[in-house]
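# Turn this into a model:
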Amino acid sequence: MPSRHLLTAISILAATLAVPGCSNHESSQPLPEVNAANCEPGRVELIRDKEARNKFIDLCARMSTYKPSKPRGW
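Now for the predicted structure:
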């Protein structure tokens, strides 16, 4: 019986170590400059890292969204 518990414990440990976890690694690929040419869907697809691609898509979506209002003379 003790060998069965040991085998079970080793199996659980091996399975736990084999499952990749979340990591906080920095992307090795730098993000391209945010402009109209780089925000085309074909160019965005070239970014392999999913987190970096999503961040770049967010930056493209926010590109030129800020437009200051005209001054008003109240």
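
# got the phi/psi numbers for the residue nearest to Phe56 when sequence neighbours are not counted?
Closest residue in space to Phe56, ignoring its immediate chain neighbours: Leu31 at 5.2 Å, by CB to CB, 6 or more residues apart in numbering. Backbone N, C-alpha and C define where each C-beta goes, glycine included. Main-chain torsions, Leu31, degrees, to the nearest 10: phi -70, psi 140.

# confidence score at Leu31?
For Leu31, the model assigns a pLDDT of 89.

# How about the contacts made by it?
47, 52, 55-56, 59 (CB atoms under 8 Å, 6 or more residues apart in numbering).

# After the lowest-mean-pLDDT helix or strand in the chain, heading C-terminal, what element do we hit next?
For the chain, the helix or strand with the lowest mean confidence is helix 2-18, at a mean of 63 (criterion: mean pLDDT, DSSP states H and E). On the C-terminal side of helix 2-18, the closest following helix or strand by DSSP states H and E is helix 41-44.

# Give me the contact list for that next one.
For helix 41-44, the external contacting residues (CB under 8 Å, 6+ apart) are 32, 37-38, 53, 56-57, 60.

# Now that helix: average pLDDT?
On average, helix 41-44 scores 93.

# So what's the residue count around Asn38?
Applying other CB atoms under 10 Å, we find 17 residues neighbouring Asn38.

# Pull the contacting residues for it.
Residues near Asn38 by CB under 8 Å, 6+ apart: 32, 44, 60.

# Check it and give its pLDDT.
Reading off the model, Asn38 has pLDDT 93.
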